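Asker: I would like the atomic coordinates for the input below:
(3 chains)
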Amino acid sequence: MRITREDQIMKKFTRTLTCIIALSTITSVAIADEDAELVVNGELNILTKAAAPADSALDELISGWRFRTDETQALQMDDFDNPSFIFIEQGEDLYSKIDGSEGKSCASCHADVASFKGLKSTLPRHNASTGKLDTMETLVNNCRTERMGAEPWKWSKGKMTAMTSLISLQSRGMPINVKVDGNAANAYELGKDLYYTRVGQLDMSCANCHEDNYGNMIRADHLSQGQINGFPTYRLKNAKMNSIHARFKGCMKNIRATPFKEGSDEFRALELYVASRGNGLSVESPSVRN
Amino acid sequence: MAKARVKAPKTAAAGELVTIKTLVNHKMESGRRKDGDGNLIPRKIINAFTATFGGEEVISAKFEPAISTNPYFQFSFTVPATGDLVMQWTDDDGSTVEQTKTITVA
Amino acid sequence: MSLTRRNALALGSASFVVTLLPLNAFAASDETMAAIKSFTGGSAVSEGGISLTTPEIAENGNTVPIQFSASGAKRVMILADGNPTPGVGTFNFGELSDASGSTRIRLAGTQNVIALAEMADGSFAQVAKTVKVTIGGCGG
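Answerer: Next up is the predicted model:
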């Protein structure tokens, strides 16, 4: 990657900024305990730090959990304290609710939701018949429209996020393992391209923050690597479950760029690329973030 | 409709201090937010929580709009004997959500 | 370099070493003082007997976990001095209760969170903690 003069200025500014902020944080208790281990309910070990593969752009893989304050981290360590579980319960209700012209519920065909163990860790993935990437949302809506005769759910609204939270939970603790070669290669390359392209009024790319500056502060925010192993995530900011595409959209809006649409090919490709950057970290869904 | 989640032990020794965790799904609309047109969204919160054990009041709380969305409340009490922990949350509109957990003393 | 908002924030937070302010030193708003007076009926308030645990820096002002404990107290009131209205919650304890509680609250900005207790003997105790609430960055 060619380093531009802008990159150099940005790096120097960020470093200066970091020095100023670093001085002030010495007097306060650690903003985040980056050495803490995540053990859920006292028994489930979640891998929040992993060695990066040789070809990774990162030195090591670090889950977003590690960048949050002690109090926020604590919320995810107990399934009762974790506010996501309100929505998991809603997902469970939806799972057994009959909906659509065919008179079926998810449970009618899929029986126990536990049968979805292992799905989240491999999504998004290439769909041979459509030629596009499938995300968990598209799989859910495909079932609803094609097999249940029901209305599709909106990508990031309550019903969808409750369901994707429930299904993702089934893979909690398993390593992220998305396929980036073969028929997924084109989408992977598109996603990678989007990740490194500067956009918006603030002229920033995902990499500027999440690769060049993770661990640093941007104003009052502690930058993470932008991993998505914990999605859908309960954000303290909006007190609800958030989808991956909703977060991508938010990030793009923050840098004053016109965001791609949720469910668009661009966001699906970006989701694949970003997921692959976390290959090896554990699925943490449903996580708690700021 | 608001739904309550409660974590309480099923059994306890007589005189043991137990911790109860509660979480209710509720927006806790503070009455200070504005909608897209600039109009104030009316306040609608859970304004009260009570817990009794064996008919005796353990805690009665008044919540203000400063309590976060999906109100979380944890409290502890001494269990004298087997009994029902009856909890009730009251909305501004008068509707209530109840939950009962039985704690057995061996 | 000129004093930008960033520098001011950095300088400001660097000076926040003392987080537990003595009672007579923190200037509470009129509304807060009125709420305290209403709770205590004007009686004297002392330190000790009530503890309050808050994060030093709130990850997000929307959901700030707090915990209070006032062994033997009859009731506890929580106030947030910098919120549009200071009231957060009032808790009345029965005999079986251990007069403690944990909850999650909304804080509009950096401010003092105050916990007041009416003890069993009718005396009053108070404790205050400063919680830094930051806004924005790119988390949006």
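
Asker: The chain: strands as residue ranges?
Answerer: I'll assume chain A. Secondary structure of chain A (DSSP state E): strands at A:38-40, A:44-46, A:49-51, A:60-62, A:125-126, A:133-134, A:217-218, A:221-222, A:233-235, A:240-242, A:287-289.

Asker: Hmm, no, I was thinking of chain C.
Answerer: C:45-46, C:51-53, C:57-58, C:64-69, C:75-80, C:87-93, C:100-105, C:111-118, C:124-133.

Asker: The residue in chain B positioned nearest to chain A: neighbouring residues, count only.
Answerer: Closest residue of chain B to chain A, Cβ to the nearest Cβ: B:T69 (3.7 Å). Bear in mind the C-beta positions are built from the backbone N, C-alpha and C, glycine included. By the criterion of other Cβ atoms under 10 Å in any protein chain shown, B:T69 has 21 neighbours.

Asker: Test my guess that it contacts A:K237.
Answerer: No. The criterion here is Cβ atoms under 8 Å, and B:T69 misses it with A:K237 at 10.6 Å.

Asker: Need the overlap of contacts for these two.
Answerer: Contact criterion Cβ atoms under 8 Å, 6 or more residues apart in numbering or on different chains; residues shared by B:T69 and A:K237: C:N62.

Asker: How about A:D99: what's its closest non-neighbour residue?
Answerer: Leaving aside its sequence neighbours, A:D99 sits nearest to A:A150 (Cβ to Cβ, 6 or more residues apart in numbering or on different chains; 4.5 Å).

Asker: would you list the strands of chain C in TSV and tack on mean pLDDT, mean neighbour count and distance to chain B?
Answerer: Shown next, in TSV, are the strands of chain C (pLDDT from 0 to 100; neighbours: other Cβ atoms under 10 Å in any protein chain shown; distance: least, Cβ to the nearest Cβ, whole Å):
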stretch	mean pLDDT	mean neighbour count	distance to chain B
strand C:45-46	94	15	20
strand C:51-53	97	17	12
strand C:57-58	92	26	11
strand C:64-69	97	22	8
strand C:75-80	98	24	6
strand C:87-93	98	23	4
strand C:100-105	97	23	4
strand C:111-118	97	25	10
strand C:124-133	96	20	12
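
Asker: can I get those strands in CSV with distance to chain A?
Answerer: Supplementary listing: the strands of chain C in CSV, determined by distance: least, Cβ to the nearest Cβ, whole Å:
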stretch, distance to chain A
strand C:45-46, 27
strand C:51-53, 10
strand C:57-58, 6
strand C:64-69, 5
strand C:75-80, 17
strand C:87-93, 17
strand C:100-105, 8
strand C:111-118, 14
strand C:124-133, 8
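
Asker: is it possible to export the ones you listed to JSON lines including distance to B:A12?
Answerer: Shown next, in JSON lines, are these (distance: least, Cβ to Cβ, whole Å):
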{"stretch": "strand C:45-46", "distance to B:A12": "35"}
{"stretch": "strand C:51-53", "distance to B:A12": "25"}
{"stretch": "strand C:57-58", "distance to B:A12": "34"}
{"stretch": "strand C:64-69", "distance to B:A12": "20"}
{"stretch": "strand C:75-80", "distance to B:A12": "24"}
{"stretch": "strand C:87-93", "distance to B:A12": "19"}
{"stretch": "strand C:100-105", "distance to B:A12": "17"}
{"stretch": "strand C:111-118", "distance to B:A12": "26"}
{"stretch": "strand C:124-133", "distance to B:A12": "30"}
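
Asker: Check the gap between the closest residue to the residue of chain B closest to chain A other than its chain neighbours and C:R106 for me.
Answerer: Of all residues not flanking B:T69 in the chain, A:A239 sits nearest, at 3.7 Å (Cβ to Cβ, 6+ apart). From A:A239 across to C:R106, the span is 10 Å (Cβ to Cβ, to the nearest Å).

Asker: higher neighbour count, the two?
Answerer: C:R106 (24 against 19).

Asker: how close does the more buried one sit to chain A?
Answerer: C:R106 is 10 Å from chain A, where distance means Cβ to the nearest Cβ, to the nearest Å.

Asker: That residue and B:E64 touch, don't they?
Answerer: No. C:R106 lies out of contact with B:E64 (Cβ under 8 Å); the separation is 9.6 Å.

Asker: Now the common contact residues for those two.
Answerer: The contact sets of C:R106 and B:E64 do not overlap (Cβ under 8 Å, 6+ apart).

Asker: Residue of chain A closest to chain B, please.
Answerer: Across chain A, the shortest distance to chain B (Cβ to the nearest Cβ) belongs to A:A239, at 3.7 Å.

Asker: Backbone dihedrals for that residue, both of them.
Answerer: phi 50, psi 40 (degrees, to the nearest 10).

Asker: Check it and give its pLDDT.
Answerer: Per-residue pLDDT puts A:A239 at 92.
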